[in-house]
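# Sharing a model that was predicted from the sequence below.
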Amino acid sequence: MASTDTSADSKAKDGSPGDLAGLEAGLDALDVVHSHRTPFRETLLRKVLPPIVAVALVVVVWQTLVWAEVTDEGSLPAPSAVWDSVSDMWMRGTLLEVVWTSVSRGLLGFLLALAIGTPLGLLVARVKFVRAAIGPILSGLQSLPSVAWVPPAVIWLGLNNQMMYAVILLGAVPSIANGLVSGVDQVPPLFLRAGRTMGATGLKGTWFIVMPAALPGYVAGLKQGWAFSWRSLMAAEIIASSPDLGLGLGQLLENGRSNSDMPGVFLAILLILLVGIAIDLLIFSPLERAVLRGRGLLVKN
């Protein structure tokens, strides 16, 4: 009996070929990503329906407050009044023009900020003297409200598109640069040593090792940079209204305020919100998911 127990213990310690094969198969199964096309109905229920329900609830609460007369109609217009403003602008052909005026400015300003903030962030992250000199300034600029740049920009450049872009740059560049600096700081030193061993130094090391490894922090900085770009542009359009600048969403909001047109004010706010959500859903969320999926942090169902 003792001999049998000893033999069993020996097999348990050594591991039979069948047990080892089963263990190997189990480990391999953990590495396999089971991907399949999500049914349209499931996608509809999980991703499309929840935001629609949320918007419907907001409209119901809004209409309920109007019916309850918690305030006068001049302060809280009914959803139908805002919809009438939308219909009126659409019939006059100005709705898409107003949206595109602001969106084109915001995207162009963001691309300029991207072209400036990316090399600046790399320089700050990789050169100690530059970080000591400029790093605190970038952090201070990032915390400075964008609206503070509008008065000096108007004085320096006048009421034109260059002034708008200057305000966008001053608001977005620090966020993009700081996001890249944060991403570079989180790159494991082992990656850098491995890159140097393979000859990836200088610009090659930056392009092939540092930038890919710093992508999560960089993408977060880009996302925040767009938010600052959009907020900076709206502040500039609200304060620096001029017929020469064309009618953007910020000017639409300011015109509604000056004319005491609350449906117009609510319409401008909703359009500003919708553009911000659309840019995030169409550009930054897919980019963020792609980066996470490439690192095995997000499984594609």
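Now that the structure is in, tell me what you want to look at.
# what residue ranges in the stretch 151-300 of the chain are flagged as low confidence?
200-202, 204-205, 296-300 (pLDDT under 70).
# what ranges do the helices span in it?
Under the criterion DSSP state H, counting those that start in this stretch, the stretch 151-300 of the chain carries helices at the ranges 161-185, 189-197, 202-205, 211-213, 215-239, 249-258, 262-279, 285-294.
# can you give me the angle the first one makes with helix 249-258?
Put simply, helix 161-185 runs at 120 degrees to helix 249-258, going by axes from the mean of the first three to the mean of the last three Cα atoms, to 10 degrees.
# buried residues in helix 161-185?
Buried residues in helix 161-185, counted by 16 or more other Cβ atoms under 10 Å: 163-184. C-betas here are computed from N, CA, C, even on glycine.
# And the fourth one, by the same measure?
By neighbour count, and taking 16+ other Cβ under 10 Å as the criterion, the buried residues in helix 211-213 are M211, A213.
# got a list of contacts for it?
For helix 211-213, contacts defined as Cβ atoms under 8 Å, 6 or more residues apart in numbering pick out G183, V187, P188, F191, Y218.
# give me every residue that touches P145.
A235.
# 7 Å - rerun?
P145 makes no contacts at all, as judged by Cβ atoms under 7 Å, 6 or more residues apart in numbering.
# Quick check: it vs V167, distance?
11 Å (Cβ to Cβ, to the nearest Å).
# same deal with Q224?
In terms of Cβ to Cβ, Q224 sits 17 Å off from V167.
# Now do the residue nearest to the spatial centre of the chain against V61, distance only.
The centre of the chain sits closest to K223, judged by Cα atoms, centre = their mean, with a distance of 2.8 Å. Separation of K223 from V61 (Cβ to Cβ): 29 Å.
# One more: L111?
From L111 to V61 the distance is 38 Å (Cβ to Cβ).
# same question, L169
Distance from L169 to V61, by Cβ to Cβ: 39 Å.
# Equivalent analysis for A54, please.
11 Å.
# got it, and L170?
For L170 relative to V61 (Cβ to Cβ), the value is 38 Å.
# Please apply the same query to S87.
23 Å.
# Kindly report the same for Y165.
Distance from Y165 to V61, by Cβ to Cβ: 39 Å.
# count of neighbours near E254?
18 (other Cβ atoms under 10 Å).
# For it, give me its contacts.
E254 neighbours (Cβ under 7 Å, 6+ apart): I238, S241.
# for G276, same thing?
Neighbours of G276 in contact, by Cβ under 7 Å, 6+ apart: W230.
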